[in-house]
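>>> What follows is a predicted structure for the sequence shown.
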Amino acid sequence: MNTFTIIFLIAVFISSSVQFWLARRQANYVAAHRANVPEAFKDKVPLAAHQKAADYSQAKLKLGNFDGLLSIVVLLSFTLGGGINLAFSYWPTVIESPLWAGVAATASIFLLMTLIEIPTSLYQTFVIEEKFGFNKSSVGQFIKDQVLQLTLGAAIGLPFLALILWVMDNVGSLWWLWAWAILMTFSLLMSWLYPTVIAPLFNKFTPMEEGSLKERIQGLLTRCGFNSQGIFIMDGSKRSGHGNAYFTGLGNNKRIVFFDNLVASLDEEELESVLAHELGHFKCKHVIKMLFATSIMSLISFAVLGWLINEAWFYNGLGVEQASNAAALLLFMLVSSSFTFFMQPISAYFQRKFEFEADDFAANNAKATKMISALVKLYEENANTLTPDPLYSAFHYSHPPAAIRIAHLETKA
């Protein structure tokens with residue numbers, strides 16, 4: 001144990017304590033407002049639906065607290081408990097290449113973390129989501145998804161990890177700049193490939209049929225000057241009762257996607273307003289802005305790692321006896337969130353700001369009243385609480401709370 005061990009433990013304690021405190025505030029706030037529908041929604045949302053949302057929020061918070069405790073145990077077990085040290089001691093004895101031994105050690109830790117998280121995912125899907133009527137998945141589908149995710153993770157992640165470690169080992173003191181450039185290129189490539197190569201492995205995407213809805217959407221796209229590869233309906237209902245819509249991809253690979261259950265629950269004007277909101281993110285350049293912010297944070301992170309990688313106290317303070325580039329990268333990925341937790345409200349603030357701007361765009365290019373009615377239906381059908389704790393939402397909500405968002409749209413109606 002050295003000074004950095006103490007700093008790390010303090011960071012874990014403070015960040016975890018704040019997260020549990022925020023969750024407790026959220027639970028108390030939701031419970032205190034469970035008995036009555038908020039005034040702004042009295043004529044729009046039935047009391048039973050409001051109380052269902054409150055109970056659903058409470059159930060997810062309880063599971064989140066358990067998952068948070070489990071994450072602390074896993075983190076401390078892998079670091080100070082010697083799990084990472086064991087992995088990086090074992091693999092060089094069976095793999096001669098230092099590069100591939102590092103890849104194997106890193107991958108084995110992430111595989112263990114994934115396996116540890118599966119019971120929580122099972123409980124979330126087959127207990128909580130089932131209880132509140134959202135789960136449409138089967139055990140077979142769940143297993144298939146897990147296997148496919150692991151297979152894709154290995155097929156894509158292992159070569160990428162090997163490339164990053166090779167750069168760290170071979171290009172000199174500015175390796176972190178090269179690694180950052182590779183990461184950004186990889187991210188852009190995956191964003192381009194995701195709509196047509198990866199997403200179809202998990203879901204079926206059917207081109208929207210000709211008709212009044214497609215004509216309305218095409219009219220919106222023309223007014224907004226948006227070109228896409230197509231408009232698709234995704235079979236989201238085979239896993240969940242939650243509905244959504246989004247556009248994805250880059251360049252000429254952009255797609256507009258509606259969940260099938262969303263199309264079933266909203267009328268055509270409401271669907272138009274939801275898509276107008278999503279297009280607002282594109283037209284307001286939110287995707288580019290977020291990509292720029294992410295690239296800057298990634299560059300800073302790699303620069304910090306470039307400094308830490310040569311410091312013995314970094315390894316020793318986290319329970320690793322033998323320094324290596326792979327161990328440094330893994331340690332940094334696992335422990336950095338404990339030190340950056342308090343940046344969450346900054347990120348959430350800008351995300352909520354972008355949502356307001358996208359709502360403004362939707363109100364100008366569709367009907368604000370239809371955006372409001374669509375949101376109310378989505379809040380009710382997805383059992384989103386209408387009464388979140390303000391401080392909890394400041395940390396965790398990427399979208400403005402329901403009452404604030406509806407009030408903002410009403411000024412545009």
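That came through, no problem.

>>> Check residue 251 and give its pLDDT.
We have a pLDDT of 66 for residue 251.

>>> and the helix or strand of the chain with the lowest mean pLDDT, what does it pack onto?
Among the secondary structure pieces of the chain, namely its helices and strands, strand 245-248 has the lowest mean (mean pLDDT, DSSP states H and E), a mean of 80. Using 3 or more C-beta pairs under 8 Å, 6 or more residues apart in numbering; DSSP states H and E, the elements in contact with strand 245-248 are strand 255-259, helix 268-283. The C-beta positions use only the backbone N, C-alpha and C, and glycine is treated the same way.

>>> In JSON lines, list those along with distance to residue 387, mean neighbour count and mean pLDDT.
Compiled in JSON lines, the helices and strands packed on strand 245-248 are given as follows (distance: least, C-beta to C-beta, whole Å; neighbours: other C-beta atoms under 10 Å; pLDDT from 0 to 100):
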{"stretch": "strand 255-259", "distance to residue 387": "26", "mean neighbour count": "22", "mean pLDDT": "87"}
{"stretch": "helix 268-283", "distance to residue 387": "23", "mean neighbour count": "22", "mean pLDDT": "91"}
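
>>> Same list, the ones you listed, but as JSON lines with distance to residue 314 please.
Conversion of the helices and strands packed on strand 245-248 to JSON lines gives the following (distance: least, C-beta to C-beta, whole Å):
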{"stretch": "strand 255-259", "distance to residue 314": "43"}
{"stretch": "helix 268-283", "distance to residue 314": "38"}
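
>>> Quick check: what element follows the longest helix anywhere in the chain along the chain?
Using DSSP state H to assign secondary structure, the helix with the most residues in the chain is helix 47-78. Going down the chain from helix 47-78, the next helix or strand is helix 83-90, by DSSP states H and E.

>>> Which strand or helix spans residue 163?
Using DSSP H and E, the element containing residue 163 is helix 158-170.

>>> same for that helix, what does it pack against?
Counting contacts by 3+ C-beta pairs under 8 Å, 6+ apart, the secondary-structure elements packed against helix 158-170 are helix 98-123, helix 175-193, helix 325-340.

>>> out of those helices, deepest packed?
Per-stretch averages of neighbours, counted by mean count of other C-beta atoms under 10 Å, single out helix 325-340 among the helices and strands packed on helix 158-170, with a mean of 19.

>>> so for it, what's the average pLDDT?
Taken as a whole, helix 325-340 has an average pLDDT of 96.

>>> follow-up on the earlier one: show me which positions of the longest helix of the chain end up buried.
Taking 16 or more other C-beta atoms under 10 Å as the basis for neighbour counts, the residues of helix 47-78 that come out buried are 49-50, 52-61, 64, 67, 71-72, 74-75, 78.

>>> between the helices and strands packed on strand 245-248, which one is nearest to residue 127?
strand 255-259 (22.9 Å; C-beta to C-beta).

>>> Just the C-alphas of that closest one, formatted as PDB.
Coordinates of the C-alpha atoms in strand 255-259 are reproduced here as PDB (Å, rounded to 0.1, in the frame of the first residue of the first chain):
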ATOM      1  CA  ARG A 255     -30.500   5.300 -41.500                       C
ATOM      2  CA  ILE A 256     -33.800   6.400 -39.800                       C
ATOM      3  CA  VAL A 257     -35.200   3.700 -37.500                       C
ATOM      4  CA  PHE A 258     -38.500   3.400 -35.700                       C
ATOM      5  CA  PHE A 259     -39.200   0.600 -33.200                       C
END
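
>>> partners of it in the sheet?
strand 231-234 (parallel), strand 245-248 (antiparallel) (DSSP bridges).

>>> Which one of those strands lies nearest to residue 275?
Across the strands paired with strand 255-259, closest to residue 275 is strand 245-248 (C-beta to C-beta), at 6.2 Å.

>>> For the closest one, output the C-alpha coordinates as CSV.
What follows is strand 245-248, C-alpha atoms only, in CSV (Å, rounded to 0.1, in the frame of the first residue of the first chain):
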residue,chain,number,x,y,z
ALA,A,245,-36.8,6.0,-32.7
TYR,A,246,-33.4,7.1,-33.8
PHE,A,247,-31.1,7.9,-36.7
THR,A,248,-27.7,6.3,-37.0
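
>>> Pull up the distance across stretch 29-47, start to finish.
The first residue of stretch 29-47 is 17 Å away from its last residue (C-alpha to C-alpha, to the nearest Å).

>>> now that stretch, how far from the centre of its chain.
28 Å (C-alpha atoms, centre = their mean, to the nearest Å).

>>> Residue 2 is in contact with residue 318, correct?
No: counting by C-beta atoms under 8 Å, residue 318 does not reach residue 2; the two are 9.7 Å apart.

>>> Many thanks, I have nothing further to ask.
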